[in-house]
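Participant: Have a look at this prediction, sequence included:
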Amino acid sequence: MKIIPMNCTNCGHTVDVDFDNPCTFCAYCGSKLMLDVEAIQNLLIAKEQTKQNANEQETKQKELMQKQKRFALRKKQS
Ligand SMILES: [Zn+2]
């Protein structure tokens with residue numbers, strides 16, 4: 001089960017829609033909502049990209065820390 005938040009097309013409230021049950025009703029105004037498959041895919045892709053960016057940033061930070069360590073060692077040696 002995957003809950004995906006989407007905005008009600010009628011009242012704009014955020015409604016949690018079950019991925020496995022994409023046809024639902026807005027809890028606030030009662031509008032019938034249909035989970036947009038394209039929107040889900042975009043959301044998933046965006047999430048994946050965010051994850052990748054985070055990983056890249058982590059790698060960069062680690063590299064930077066290693067460089068700093070090396071630099072500190074060199075300083076001690078000389
Ligand atoms: Zn609504």
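Facilitator: The structure has been received and is ready for your questions.
Participant: contact partners of stretch 31-38?
Facilitator: 4, 6, 8-11, 15, 17, 19, 22-26 (C-beta atoms under 8 Å, 6 or more residues apart in numbering). For every residue, glycine as well, the C-beta is placed using N, CA and C.
Participant: so where is the protein shaky, pLDDT-wise?
Facilitator: For the chain, the stretches flagged by pLDDT under 70 are 78.
Participant: still on that earlier bit, which ones among the contacts of stretch 31-38 also lie next to the ion?
Facilitator: Filtering these for proximity to the ion by C-beta under 5 Å from the ion leaves Cys8, Asn10, Cys11, Cys26.
Participant: what about Ala39, neighbour count?
Facilitator: The tally of other residues near Ala39 (other C-beta atoms under 10 Å) stands at 13.
Participant: from what I can see it touches Met6, true?
Facilitator: Yes. Using C-beta atoms under 8 Å, Ala39 is in contact with Met6, at 6.7 Å.
Participant: Just the helices from the protein, written as ranges.
Facilitator: With helices called from DSSP state H, the chain shows them at 37-77.
Participant: Outline the domain layout of it.
Facilitator: Domain assignment for the chain by automatic domain parsing gives 1-35, 41-78.
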